[in-house]
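>>> next input, structure requested:
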Amino acid sequence: MAEQSDKKFYTLEEISKHNTQEDCWLIIGNLKNGGPKVYDVTSYLDDHPGGAEVLLDVAGQDADEFFEDIGHSKDAREDLKKFYVGEYKVDEATLQKMKEMAEKQAQAGQGGGSSVIVILVAILAIAFAYYKTQMS
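From the prediction side, this is the model:
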């Protein structure tokens, strides 16, 4: 990957021009994993396990949500580094939106643990009641 001083920055306008099978760029990354980066995946289209069409659907766009939703492996994340071409130059409004989304996701993640505990307690109570009925 490029050194900090060697990094090239691209605007969404520039990236959006790279949206074909012959020239396919994606923005992948968020505030939790080092920020949005730009990748030229043109040479990888034919090798992508999900098919080229999946990548072409988000070509020239921010594909981070799609990338994260799939749950890519560590190997896939490592392979992605080979296609790095630069950083996405985020304007203030977009940066603020990204921060708000990250906060919402963090809050949503915190609340999910308590519902799991409630479900586990309920299952244990049912199991205990069943055990007691069998012992009588």
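
>>> when you work out contacts or count neighbours from here on, use the C-alpha atoms and nothing else.
Fine.

>>> quick one: secondary structure of Ile27?
strand (DSSP: H, G, I helix; E, B strand; the rest coil).

>>> what about it, distance to Gly35?
10 Å (CA to CA, to the nearest Å).

>>> who has more neighbours out of these two?
Legend: neighbour count by other CA atoms under 10 Å for Ile27 and Gly35, higher for Ile27 (28 against 15).

>>> can you pull the contacts of Leu56?
Asn19, Thr20, Gln21, Cys24 (CA atoms under 8 Å, 6 or more residues apart in numbering).

>>> can you tell me which of those are buried?
Asn19, Gln21, Cys24 (16 or more other CA atoms under 10 Å).

>>> thought Leu12 was touching Tyr88?
Yes - applying CA atoms under 8 Å as the test, Leu12 and Tyr88 come out as touching, 7.3 Å apart.

>>> make CSV out of the contacts of Leu56 and add secondary structure and distance to Lys7.
Shown next, in CSV, are the contacts of Leu56 (DSSP: H, G, I helix; E, B strand; the rest coil; distance: CA to CA, whole Å):
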residue, secondary structure, distance to Lys7
Asn19, strand, 22
Thr20, strand, 24
Gln21, coil, 25
Cys24, strand, 19
